[in-house]
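Chemist: turn this into a structure:
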Amino acid sequence: MDITKITQLIGIFQPKGWLKNIADSNVLETVNNKDGCVEVQLRLPFPSLDFEDEVKSKLAPKVMLMKGVDAVNWNIKLDIATLARCNDAAAIPGVKNVIAVASGKGGVGKSTTTVNTALALAKMGAKVGIMDADIYGPSIPLMLGVSESRPEAYDGNTMKAINAHGLAVNSIGFIALNDQAMIWRGPMASKALMQLLGETHWGELDYLFIDMPPGTGDIQLTLSQNIPVTGALIVSTPQDVALADAAKGISMFRQVKVPVLGVVENMSTHICNNCGHEEAIFGTGGVVKMAARFDTECVAQLPLHIDLRADVDAGKPTVVAQPDSVFSAVYAQLASDIVSKMFFQTHTISTEIPIKLT
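Modeler: Predicted coordinates for the structure are as follows:
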């Protein structure tokens, strides 16, 4: 058995959706011969939806054809990397990577996309949290079924994030009464959000999603400049009025040097609950064209369906309520794609001593 040739064979394999092969991604740790069985140790720096199935169905047969190989044993470990943050910002204690989810305007499904994508990522083995920074409509507590919960003191200086379906969650909505409007001017709102983020004990998280307020005003700009973001995801509907605002969101993140991971086209089509007829009521192709114009991509096209709305209203998003549905599969692919893209478009960094946000 020629271990060197087997190592080279495994190393040049490039999984679907990856921008580099296994060797260049530093995923391959060891390849050993154990009495005719090839023992392969792989370390995944991000959750990859179909990686294990693809390796076993496409790569394993090739290894089995090598001389002297009787069997292959794959040991795949998920060890999520800490990636470089924009502008070399200081880390949030315990948090490896931060993903901002933004929209140019409200009502495009940003929060629904956030909770389902975060839950899909958690199902793949990552430790995930959500910070609900949408002061205009903090809907994350309702969507996750924890609207009556309140964070508890942790150590006298921080509050403990609430656990919701396995996610660590905190929201500006937890400190307001149900019908109370958050009447804050820009600087006050920005300061309160940064304080909430910095004074939350998140535990150990691989990914923290920030559900941003819609728009591109003072609050959004301040948050984008001060939160240690790894990448940003834009959510839009296909209609022209939403696309114009989404384009502004991309421009804002680019100006503050935050990498844009792509654009999600939400409500891409409407699926009738009675007959299943699918219709593009908001137009077609808008997000794809707009993304191409800004040198990014449409990373997912999500439908408008009554179940998606009903599930979050009931406090059990679709990924939890209907884990085997086609909708959950789309969110899983979206989650896998954005963390893959985030890994390949930046570089890993060593663990640092975090600095408290002020």
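Chemist: for this protein, give me the ranges with low pLDDT.
Modeler: Within the chain, the segments meeting pLDDT under 70 span 176-186, 349-358.
Chemist: which helix is the longest one in it?
Modeler: Using DSSP state H to define each element, the chain has its longest helix at helix 326-344.
Chemist: output it as CSV, nothing but the C-alphas.
Modeler: Output in CSV follows, covering the C-alpha atoms of helix 326-344 (Å, rounded to 0.1, in the frame of the first residue of the first chain):
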residue,chain,number,x,y,z
VAL,A,326,-38.2,20.8,1.4
PHE,A,327,-38.1,24.2,3.1
SER,A,328,-35.8,22.9,5.8
ALA,A,329,-33.6,21.4,3.1
VAL,A,330,-33.2,24.8,1.5
TYR,A,331,-32.3,26.5,4.8
ALA,A,332,-29.7,23.7,5.4
GLN,A,333,-28.1,24.3,2.1
LEU,A,334,-28.1,28.1,2.6
ALA,A,335,-26.5,27.6,6.0
SER,A,336,-23.8,25.3,4.6
ASP,A,337,-23.1,27.6,1.7
ILE,A,338,-22.6,30.8,3.6
VAL,A,339,-20.2,29.3,6.2
SER,A,340,-18.3,27.7,3.4
LYS,A,341,-18.0,30.9,1.5
MET,A,342,-17.1,32.8,4.6
PHE,A,343,-14.3,30.3,5.3
PHE,A,344,-12.8,30.5,1.8
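Chemist: now for that helix, which elements pack on it?
Modeler: Where contact means 3 or more CB pairs under 8 Å, 6 or more residues apart in numbering; DSSP states H and E, helix 326-344 is packed against strand 95-102, helix 110-123, strand 231-236, strand 260-265, strand 298-301, helix 318-321. Bear in mind the C-beta positions are built from the backbone N, C-alpha and C, glycine included.
Chemist: nearest approach to residue 335 belongs to which of those?
Modeler: Proximity to residue 335 (CB to CB) singles out helix 110-123 among the helices and strands packed on helix 326-344, at 4.1 Å.
Chemist: report the angle between the axes of the closest one and strand 95-102?
Modeler: For helix 110-123 against strand 95-102, the angle by axes from the mean of the first three to the mean of the last three CA atoms, to 10 degrees is 150 degrees.
Chemist: which element follows helix 110-123 toward the C-terminus?
Modeler: Next along the chain after helix 110-123, taking DSSP states H and E as the criterion, comes strand 128-132.
Chemist: list the contacts of that next one.
Modeler: Strand 128-132 is contacted by residues 95, 111, 114-115, 118-119, 121-122, 138-141, 144, 161, 166-173, 196-197, 200, 202-203, 205-211 when judged by CB atoms under 8 Å, 6 or more residues apart in numbering.
Chemist: weed out the non-buried ones from those.
Modeler: By neighbour count, with 16 or more other CB atoms under 10 Å, these hold 95, 111, 114-115, 118-119, 121-122, 138-141, 144, 161, 167-173, 196-197, 200, 202, 205-211 as buried.
Chemist: what residues go with each domain of this structure?
Modeler: Listed by automatic domain parsing, the domain ranges of the chain are 3-78, 86-344.
Chemist: tell me the most buried of these?
Modeler: domain 86-344 (a mean of 20; mean count of other CB atoms under 10 Å).
Chemist: now the strands for the stretch 151-300 of the chain?
Modeler: Taking DSSP state E, counting those that start in this stretch, the strands of the stretch 151-300 of the chain run over residues 152-153, 159-160, 162-164, 167-171, 200-201, 205-211, 231-236, 260-265, 270-271, 278-279, 298-301.
Chemist: export those to TSV and tack on distance to residue 78?
Modeler: Below are the strands of the stretch 151-300 of the chain laid out as TSV (distance: least, CB to CB, whole Å):
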stretch	distance to residue 78
strand 152-153	30
strand 159-160	25
strand 162-164	21
strand 167-171	17
strand 200-201	24
strand 205-211	9
strand 231-236	19
strand 260-265	20
strand 270-271	33
strand 278-279	35
strand 298-301	21
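Chemist: of these, which is nearest residue 126?
Modeler: For the strands of the stretch 151-300 of the chain, distance to residue 126 was read as CB to CB. The smallest value, 4.4 Å, belongs to strand 205-211.
Chemist: so what are the sheet partners of the closest one and their directions?
Modeler: As defined by DSSP bridges, the strand partners of strand 205-211 come to strand 95-102 (parallel), strand 128-132 (parallel).
Chemist: among these, which is nearest residue 247?
Modeler: strand 95-102 (12.1 Å).
Chemist: quick check: angle from the closest one to helix 326-344?
Modeler: On the basis of the same axes, to 10 degrees, strand 95-102 is oriented at 120 degrees to helix 326-344.
Chemist: contacts for strand 95-102?
Modeler: Strand 95-102 is touched from outside by 80-83, 85, 92, 110, 113-114, 117, 129, 202, 205-212, 214, 220, 223-224, 227-235, 249, 253, 258, 261, 338, 342, with contacts defined as CB under 8 Å, 6+ apart.
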